[in-house]
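*Asks:* coords please:
(chains A and B)
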Amino acid sequence: MKHYLDLIPISAKQHRKQNRMTRLCIVLAVFLVTVIFGMADMEMRSQMIQAVQSDGSWHAGFLMNEEQGALLKERPEVEHAARYGVLNYYLRDGYQIAGTETVIAGLDQELLEMFPAAEIVEGTFPENDEEAVLNESAKTRLKVQVGDSFDMTTPQGETKRYDITGITKDTALEAEHDAFGVILNTEGFSALRSEETEAAQEVIYYVKFRSFCSIQKGIREICEQFGLGQGEVRQNAKVLMLMFQSGDTYMMQFYLVAAILAALVVIAGIFMITASMNSNIARRTEFFGMMRCLGATGKQVTRFVRREALNWCKSAVPAGVAAGILVVWILCWMLRFLSPGLFEGLPVFGISFPGVAAGVFVGFITVLLAARSPAKRAAKVSPLTAVSGNAGTVQTVKRTANTRLFKVDTALGVHHASGSKKNFLLITVSFAFSIILFLAFSTAIDFMHHALTPLRPSAPDIYIYKEDYSNQIPSGLDEEIEEYPGVKRAFGRGYAELSMSAEQSRLIAISYNDQQFRWAEDSLIEGSIQDAMDGKGILSVFREGSTLAPGSRVMVSAGGKDQEISVTGILGDVPYNYGAGGDTEGTAGMIICSEEMFRELTGEDGYAVLDVQLDQDASDAQVSEIRRAMEQACGSGAAFSDKRIGNREVKGAGYSMSLFLYGFLAVIALIGFFNIINNIGMSVSARMKEYGAMRAIGMSVRQLDRMIVGEAMTYTVFGVGFGCVIGLPLNRVLFQSLVTSRWGDEWSIPAGELLVIVVIMLVSVCLAVIGPAKQIKKMSVADTLNRE
Amino acid sequence: MENLCKVYGSGEARVDALKHVSFSMQKGEFAAVVGASGSGKSTLLNCIGGLDEADTGKVFLNGRDVFAMEENERTIFRRQNIGFIFQSFHLIPELNVEQNIIFPLLLDYKKPKRERVDEILEVLGLADRRKHLPGQLSGGQQQRVAIGRALITRPILVLADEPTGNLDSQSSRDVMDLLCKASRHYQQTVLMITHNMSLTSLADRVFEVTDGELSELGGVLD
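*Replies:* Model prediction:
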């Protein structure tokens, strides 16, 4: 030992247990902050990957002429600017290749960097106006290769021939509408466009701004310079939002909510550490008083305390950060596992620097700040107090325990919790923070449910439909298709228009099989699904002002035949539109009936739509095979749609957001759990000697257990109360900013969430008592009393 | 006590804290135990009180074998039949004087009799301090509270471990008077450990512990 500070490791060895608990608390707080900031960072990265994949990495698009475009490129904040134009985006203008509607995009090669979805997987970008890139489905169906050529007809009836220089992936839109896609260079596009009249759109300049510049300021300046109106500027809202560069007022509110949540997390961490350090002040005060007695100056004691606290950080902060990183890795791995295609860009062993920085900051700064109070107190201890042995041994209790309200054991437990105001406040607030955080973050779940349209269990991967919605798809085709490899399930729906003689309006009837009825159970508002399944009646689909209430009967006619049907239930909604055009005009509503009843009502046996759900590992070759079989069976007038890409995007967005948001909640619950266990553990070990005396006087182990339960419950009850007082209004404010302002839903008390967190806290209390109870049971009364 | 033995450690670190200790005391007797530090006095007291278990031997109190009882049974037996007084008082800081005194009764979930509490407070000279917390009392007053707590259940045996060790001479005298009163007036058996030979003059019997062996000064062991 060469320096008085060398006493720190020696003293640490003596007080290993209490130090371990303080250290554990620092680890937990740092872990909480690291994991939440790290998860938020990774979630933003994953959302960015998806946003870039589906919408591109551009920041803003400006509708302008070439002269303006040249000036735009010269602006200092513009990193990349590339032209983009599109024709036949809605697939109804008549640009066709071999009779199939074709989307034509004209762009500068530079633009491909901003649109990873349009990546050329084979060949090169067109160099002149007679070259083009085709999408994969066109390549497969036209049976062409790079180097071949194809003809495209324009709405004016002309035919243009292009050489294929490359192949690009299908976009979600092209796959869903079974459309072909052609990419031309800008010269080729202009050449084509000059012949086009109404359908042509002006060229958009897509811009990527340089890093660290204010994008909103840049956009404003560009608009002013070129006199562009609101309709001539578009922003990549999702990407800008994820870059914290959105100027949208809703997004500003969103950022504010994120800032509040981040602040809450940091405060929770600070409270956890402060509470734990405050818990062992008494012991430390006595020890430092002894040091003062031996001649240490107040300054030396302060330095000693600070160094000791930093020593805890040396191991606790890296441990907390490491645990946080590990959890983030696990979550990223889960995301990659759940949606391999979409999240390939997410790092497996990525380090979130904002997460690590936040964890380290909270760890070191809080520990140093929290150490100030015991350090000051220790420095103030007079040597005389230390000599008398009273420093810390007789606690400064100002209030008597209330033995009238509770039995003595419980009363003492309650008093242990509430005796020291500062300690009580710190621990209660740290408990309350679990509730506040849980309630605050649960609004993000509500937001997620609104923001994401979940993929329904009935959503098909591919489907074929009669363009006129006639029921001419053979009724046995579903069973036939189910036999194909790669098919998980196939099911059809018949569509028919029935006339309601009483109201002189139309009613759309859709047929369901048993499986479809089972899926519909979730949206049943009233009545019985089973009766409709058994063919006893129909289900009506909810519509404002509809007269089709359960129990009512309705007279319908189809094919000149009048029939009376009864309504057995109401469904909230169905994922299908009102026939070919989705036209609701003149319809009294939609009804769902069994296939058998559909046949009775309409006399038709086939389907208008046949949906197919694929196995997860279904290959493209298998899909082509299924498609061929379906097209063959359906004959002409049938259209095919492939929704796999779109589904994958929806699923991916859902996975990533739910994984991270539920992850947040799980971490918060876990932290609440550990916080309770740690605080109770610390409180018990700090009072072990007192418990020893009580045992000597005749207090039984069970009574001591009750005392600890009393203490834990006091923290919990007040923590829950305080948490609700702050958490519920906060939940309301956040809900109103995130959900009400956008979707109009009214706030209500989140009883479910509250119940979950309260149950978690109560379970934590039960578990928190087990450890100390065992410790007390094993305690040697004589040894405890003799220990100084 | 019959043939009580207690050993700590093993090998070179082995310490025989108690070596075949046997003795008995009558109801109302006041005995003092003296001995050097580390001689085994406190171990003896802890074993008699059932706070510690001896390796061999038996302790009988009113004919009941203390070591033969289950842990919970022994705790309840201790609280109803043995009163403890410690050198460092071990009062419960959250309870006031009155609550500390009646604490063993509260542990039995019994309602203490008002007269009994008043009587004890009067005897202890703490009637005007009944609502004070231990932190507001002097050392002597705290020890008097501890004595009150030890006597409230009218135990058969009162065990006092250096009850005057932390007190000034006046307070020490007060404490000794109270212990004598407990023995003489209430017929309670008192066994007190002390370093102060002058205090032994008040005791009926004096024992000395030397290296774990017990001998009676000025008398013969049973």
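*Asks:* pLDDT below threshold where in the stretch 201-350 of chain A?
*Replies:* Filtered on pLDDT under 70, the stretch 201-350 of chain A yields the residue ranges A:201-202, A:278-286, A:289, A:293, A:339-345.
*Asks:* Give the next helix or strand downstream of the helix or strand bottoming out on mean pLDDT in chain A.
*Replies:* Least confident helix or strand, chain A: helix A:383-388 with a mean of 55, by mean pLDDT, DSSP states H and E. Sequence-wise, the next helix or strand downstream of helix A:383-388 (DSSP states H and E) is helix A:408-418.
*Asks:* Nearest to chain A within chain B, name that residue for me.
*Replies:* Closest approach between chain B and chain A, counting by CB to the nearest CB: B:Arg79, at 2.1 Å. C-beta here means a position set from N, CA and C on the backbone, and glycine is covered the same way.
*Asks:* Going along the chain, name the strands of chain B.
*Replies:* Assigned by DSSP state E, the strands in chain B fall at B:2-8, B:15-21, B:30-34, B:56-58, B:60-61, B:64-65, B:82-85, B:157-161, B:189-193, B:205-210, B:213-217.
*Asks:* Residues of chain B that sit close to chain A?
*Replies:* Contact residues, chain B versus chain A (CB under 8 Å from any CB of the partner chain): B:42-43, B:46, B:49, B:51-52, B:71-72, B:75-76, B:78-80, B:84, B:86, B:88, B:90, B:92-96, B:99, B:103-104, B:106-107, B:109, B:131, B:133-135, B:149.
*Asks:* buried stuff in the lengthiest helix in chain B?
*Replies:* Determined from DSSP state H, the single longest helix within chain B is helix B:169-184. For helix B:169-184, the neighbour count (16 or more other CB atoms under 10 Å in any protein chain shown) marks B:Ser171, B:Ser172, B:Asp174, B:Val175, B:Met176, B:Leu178, B:Leu179, B:Ala182, B:Ser183 as buried.
*Asks:* Take the residues you listed and lay them out in CSV including pLDDT.
*Replies:* Formatted as CSV, the buried residues of helix B:169-184 follow (pLDDT from 0 to 100):
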residue, pLDDT
B:Ser171, 84
B:Ser172, 86
B:Asp174, 85
B:Val175, 86
B:Met176, 89
B:Leu178, 87
B:Leu179, 89
B:Ala182, 85
B:Ser183, 88
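*Asks:* how about low-confidence regions in chain B?
*Replies:* For chain B, the stretches flagged by pLDDT under 70 are B:218-222.
*Asks:* Just want the most central residue of it.
*Replies:* B:Leu159 (1.5 Å; CA atoms, centre = their mean).
*Asks:* got the contact list for the residue nearest to B:Met69 when sequence neighbours are not counted?
*Replies:* Closest residue to B:Met69 apart from its sequence neighbours, by CB to CB, 6 or more residues apart in numbering or on different chains: B:Phe77 at 6.1 Å. Contacts for B:Phe77 were tallied using CB atoms under 8 Å, 6 or more residues apart in numbering or on different chains; they are B:Gly50, B:Leu61, B:Arg64, B:Val66, B:Met69.
*Asks:* where's B:Phe77 relative to A:Phe189, distance?
*Replies:* For B:Phe77, the distance to A:Phe189 equals 99 Å [CB to CB, to the nearest Å].
*Asks:* cool, A:Ala60 as well?
*Replies:* For A:Ala60, the distance to A:Phe189 equals 21 Å [CB to CB].
*Asks:* Specify which residue of the two has the higher count of neighbours.
*Replies:* The neighbour count for A:Ala60 versus A:Phe189, taken as other CB atoms under 10 Å in any protein chain shown, is higher for A:Phe189 (28 against 25).
*Asks:* Looks like the more buried one contacts A:Leu107 (just checking).
*Replies:* Yes - judged on CB atoms under 8 Å, A:Phe189 makes contact with A:Leu107 at a distance of 7.5 Å.
*Asks:* Now the common contact residues for those two.
*Replies:* Contacts common to A:Phe189 and A:Leu107, judged by CB under 8 Å, 6+ apart, are A:Gly85.
*Asks:* how far out from the middle of the chain is the helix or strand where A:Met657 lies?
*Replies:* Here A:Met657 sits within helix A:644-686, counting by DSSP H and E. Relative to its chain's centre, helix A:644-686 lies at 11 Å (CA atoms, centre = their mean, to the nearest Å).
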